[in-house]
Every structure is written in C-alpha cells, then in structure tokens.
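Student: What follows is a predicted structure for the sequence shown.
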Amino acid sequence: MSKLYVISGVTGMTGNELVRQLLLDKENKVHIVGFDNFFASSIETVKDCLDDERFEFFEYDINNHDQMYEIENKVKNFDVDETIYINCAAVVHTEHFYHVYSTFKTNVEGMNDFLQQAIRVGAAKFINCSTSEIYSMNSWNDHGGVKESDFITMADAEHSQRTSYATGKLLTEFFMKEVVDEGKIKGCSIRFANVYSKNERFPKHIIPFIINSLKNDGKVVLLENSKKNKRTFLNNYDSCSAVLALAKTDSALDGTVYNVATDEEVSIVELVKIIAKKMKIDNPVIEFNGYRESDPERRLLSTEKIRQRTSWEPKVNLDKGLDECVKEYLK
C-alpha cells in the first residue's frame, strides 16, 4: 500500500521522530512531505533522514499562505492509496504561554488551515497533536489519572493569561471533532503529557534545562512551584508510536481525544537529583526563584482509552530516556 504523510513542524520533537519511524515501515510504500520554519528546532534533528529520497523537506511556515499553497499543489500531484496529515506545528515553550497572540496564529489558525487543506486534497486521515495543558487545574486524580471524558477546570483571564495556550489547543479539538462528525475526514486529537527528546534543540523544556544548568552553572534554579510539582514524562519515541498506532486504527479515528502518557510520576526536585546522579554529581545545588500562576501540582493522565482501542503502550521508561538525553546533551 502506498502512503503519503504530510507533517507540519517536522523538525520538532514529535515531527523528527515520526520521520524516523515512518522510514522504517517495510510493509508500505511510504513518502513524507514535511515542513518547518525552525521556530524552536533545527534541520539538525532530521539530518540523518535528508538523503532518503522518500523524505522531502521544506523550510516553510504554516502561517505563510503562499508556501502552504505550494504544499497543497505538491500533495495533489501524488498518486497514492492513502494520504495522512499530521499536525505537529505549535508554539509550545512556556515563555509564550502568557501571550495569547504569540500562540494563536500557529496553534489555532495554522492548525485549522492545515486541516482544511487536508480535506481539500482528499486526505483520508488527520492527526491533531494537542496538549495535556488543556486539563489545567484538574490535571490528575487518584483513580488512575484524569480521563478524556472527565470535566476540566481551567483558569480564565481573571486568574491567568497562561490558560490562553490551553484554550487555543482545546479549540482545535473542536475543529477536529466537527469535520469528522460531518464525514469530511477521519481523525483524532492527542493530548501528550510532557514530551522530551534527546534531540531537543534548545534547553527550554525542563529536562534539557536541568542538564544544561548542571553542566554550565553547577546548579539548577527552579520556580517555587517545583517544591510541590510532580510530572510524568513521555519520550518522543513513545509519543510518535502513539500517533502511528492511531493513524493505522481506523476505528479509533472518531474525532475524539486520546491521552498519551506514562504513569511514572516524579517530582521536579527528584528529577534534578536523578539527572545529577547520571552526570556523576553528588548533592546538586537547587535554588528557587519565581512563581508560575495556574500551574497544576500534578499532571497524571489515564491512558486506558488508547490502550483499549489500539496496540499502543510506552516502551521507553524514564531511566532509559534520561540516559539518552544526558549522553546526547553532554556531547
């Protein structure tokens, strides 16, 4: 079977690993059209794939209508059995979460434009990569983690601008559900837990931040929230395998949402100590400065739904994933 994958944000954490896993597909004839504007990534993340003729990369911006028109025309010229769109483009770093205009154009308008393009070209499927930020202040429970069907509790503009990021992502899930309900395309949205990768370009997420801080400064400065906060961390190998598991399971593409996470919960302070030990640092110096509004103490997601509907399960535990990150970042 011949399959065309069209991937936005292809050099980001999810996108670059998707390319790698797709090129290992021996059952289907695969071709990938991917683009990125390097907002928070680099061509370095896919350099090992660039010589493969099955992968075409374009330095394009999802918000540039002329460039997206070129992508659309290119896709129309392919004669394949199935076309699958995967939206990985997003403004994801915490520094932008408090500025609604910084995230709205890419996360909301860009996603919807990409979705409408998929419908116009007759794509069979669309996978929308969303975020666990949507759960906001209700991001965990003591009964196996928050489920997709649970009611959510968000801060609003009276409490924090941070939630504007989550609200935008939530809106894309409504876009996804509507077009599927109307029979225009098959698809779903995926709420990832905190995704990390050994290929992350900039130390803005917590794991590369900790490693770089210990390496360069000999200490780690955390927010006051970190004294209480706990998180689960999802390796990008597992986030991508979840995307592909859903993409090949037509019965799961009903427009709804799927949590993708692990159940290895760890406190941020303990995470620093684990990473320090892997770097052969005893008693790492941890300082606290600053406070983040509307930051949930825990983010624990139930993955019962995706496990029931597909064959997916996480393969990379935190210990192995951190080993990979420390080795790569210390090069």
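Tutor: Ah, there it is.

Student: show me what contacts the residue nearest to Ile306 when sequence neighbours are not counted?
Tutor: Distance criterion CB to CB, 6 or more residues apart in numbering; nearest residue to Ile306, sequence neighbours excluded, is Tyr258 at 4.5 Å. Quick note: C-beta positions are derived from backbone N, CA and C, even for glycine. The contact partners of Tyr258, by CB atoms under 8 Å, 6 or more residues apart in numbering, come to 148, 188-191, 242, 246, 252, 305-306, 309.

Student: which helices and strands sit right next to the worst-scoring helix or strand of the chain on mean pLDDT?
Tutor: When each helix and strand of the chain is scored by mean pLDDT, DSSP states H and E, helix 100-104 comes last, with a mean of 90. With contacts defined as 3 or more CB pairs under 8 Å, 6 or more residues apart in numbering; DSSP states H and E, helix 100-104 has these neighbours: helix 163-181.

Student: quick one, the helix or strand that the helix it packs on is followed by and helix 163-181 angle?
Tutor: Proceeding N to C from helix 163-181, the next assigned helix or strand is strand 186-192, under DSSP states H and E. Orientation check (axes from the mean of the first three to the mean of the last three CA atoms, to 10 degrees): strand 186-192 against helix 163-181 gives 160 degrees.

Student: Provide the strand pairings for the helix or strand following strand 186-192, with the direction of each partner.
Tutor: Per DSSP H and E, the first helix or strand lying C-terminal to strand 186-192 is strand 194-196. In the sheet, strand 194-196 lines up against strand 230-235 (parallel) (DSSP bridges).

Student: Return the partner strand as CSV; C-alpha atoms alone will do.
Tutor: C-alpha atoms of strand 230-235 as CSV (Å, rounded to 0.1, in the frame of the first residue of the first chain):
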residue,chain,number,x,y,z
LYS,A,230,5.1,16.4,40.0
ARG,A,231,5.0,15.3,36.4
THR,A,232,5.0,12.3,34.1
PHE,A,233,7.4,12.5,31.2
LEU,A,234,6.8,10.9,27.7
ASN,A,235,9.7,10.1,25.5
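
Student: tell me the mean pLDDT for that strand?
Tutor: For strand 230-235, the mean pLDDT works out to 97.

Student: And stretch 165-173, by the same measure?
Tutor: In the prediction, stretch 165-173 has an average pLDDT of 95.

Student: contacting residues around His96?
Tutor: Taking CB under 8 Å, 6+ apart as the test, what His96 contacts is 102-103, 165.

Student: mind listing the strands for the chain?
Tutor: 2-8, 29-35, 55-58, 82-87, 125-129, 186-192, 194-196, 219-222, 230-235, 254-260, 265-267, 285-288 (DSSP state E).

Student: For Asp156, find the nearest of the ones you listed.
Tutor: For Asp156, the closest of the strands of the chain is strand 186-192, at 20.0 Å, according to CB to CB.

Student: rewinding a little: turn the contacts of Tyr258 into a markdown table, including distance to Tyr69.
Tutor: Formatted as a markdown table, the contacts of Tyr258 follow (distance: CB to CB, whole Å):
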| residue | distance to Tyr69 |
| --- | --- |
| Glu148 | 35 |
| Cys188 | 27 |
| Ser189 | 25 |
| Ile190 | 27 |
| Arg191 | 31 |
| Ala242 | 31 |
| Leu246 | 28 |
| Ala252 | 31 |
| Lys305 | 37 |
| Ile306 | 34 |
| Arg309 | 35 |
